[in-house]
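K.L.:
quick one: sequence and predicted model below, then my questions.
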Amino acid sequence: MTKRNYNTKQRDFLIAFFKSNAGRCFTIDEVLANAAASGDVIGQTTVYRNLETLAGEGVLLKHAMPSGSGAYFQYLAHGAREPEHYHLLCTQCGGVTHLDCDFLNKLFAHLRREHKFDFDKQKTVFYGHCEKCADGLGFT
């Protein structure tokens, strides 16, 4: 028997939420806070289960948090595989910048050739602060 995906009110809310915030990443807690702010009551377990399912289906990308204690999720349009690039993830605002960088491509080619290690661009995320948040924190 094959497993079927059922569209529930919670699943529909999550997909709509991520579509309307396509350029950003969110933790489960942030999703719950946004749901509560919009008047939708969704349990943490339901959100977690649905986000994991949507990530498995290719609707969302899942990025591990630097602390290893959770993940950020981001909408991936049409469930299609995202073009290969690196990600810059702002840990302050959750904004994601997609980066295709010749310098990094050369660095990773060196690591592949000289150190026999191949990076998955799809999952390579650099964590830090975007320009706006860095300015707000007093970084230059």
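P.N.:
Okay, I see it. The structure presented is a predicted model; accordingly, all values stated were derived computationally and were not measured.
K.L.:
any idea of the mean pLDDT for stretch 48-59?
P.N.:
Average pLDDT, stretch 48-59: 90.
K.L.:
how far does that stretch sit from its chain's centre?
P.N.:
Centroid separation between stretch 48-59 and its chain, computed with C-alpha atoms, centre = their mean, to the nearest Å, is 11 Å.
K.L.:
please apply the same query to stretch 33-53.
P.N.:
16 Å.
K.L.:
below-threshold pLDDT in the protein: ranges please.
P.N.:
For the chain, the stretches flagged by pLDDT under 70 are 1-7, 65-69, 77-84, 122, 138-140.
K.L.:
confirm that Asp40 lies within a strand, as I assumed.
P.N.:
No: Asp40 is assigned coil when assessed by DSSP: H, G, I helix; E, B strand; the rest coil, not a strand.
K.L.:
thought it was touching Asp12?
P.N.:
No: Asp40 lies out of contact with Asp12 (C-beta atoms under 8 Å); the separation is 10.2 Å. Bear in mind the C-beta positions are built from the backbone N, C-alpha and C, glycine included.
K.L.:
more neighbours: which of these two?
P.N.:
The neighbour comparison of Asp40 against Asp12 (other C-beta atoms under 10 Å) goes to Asp40, with 14 against 11.
K.L.:
how about the more buried one, nearest residue that isn't a chain neighbour?
P.N.:
In this structure, Asp40 finds its nearest non-sequential neighbour in Phe13, 5.4 Å apart by C-beta to C-beta, 6 or more residues apart in numbering.
K.L.:
neighbours around that neighbour, how many?
P.N.:
Using other C-beta under 10 Å, Phe13 has 18 other residues around it.
K.L.:
name the next helix or strand downstream of the host helix or strand of it, please.
P.N.:
Here Phe13, judged by DSSP states H and E, is contained in helix 9-20. Going down the chain from helix 9-20, the next helix or strand is helix 28-37, by DSSP H and E.
K.L.:
sorry, back to before: go through the helix holding Phe13 and flag the buried ones.
P.N.:
For helix 9-20, a neighbour-count test (16 or more other C-beta atoms under 10 Å) marks 10-11, 13-15, 17-18 as buried.
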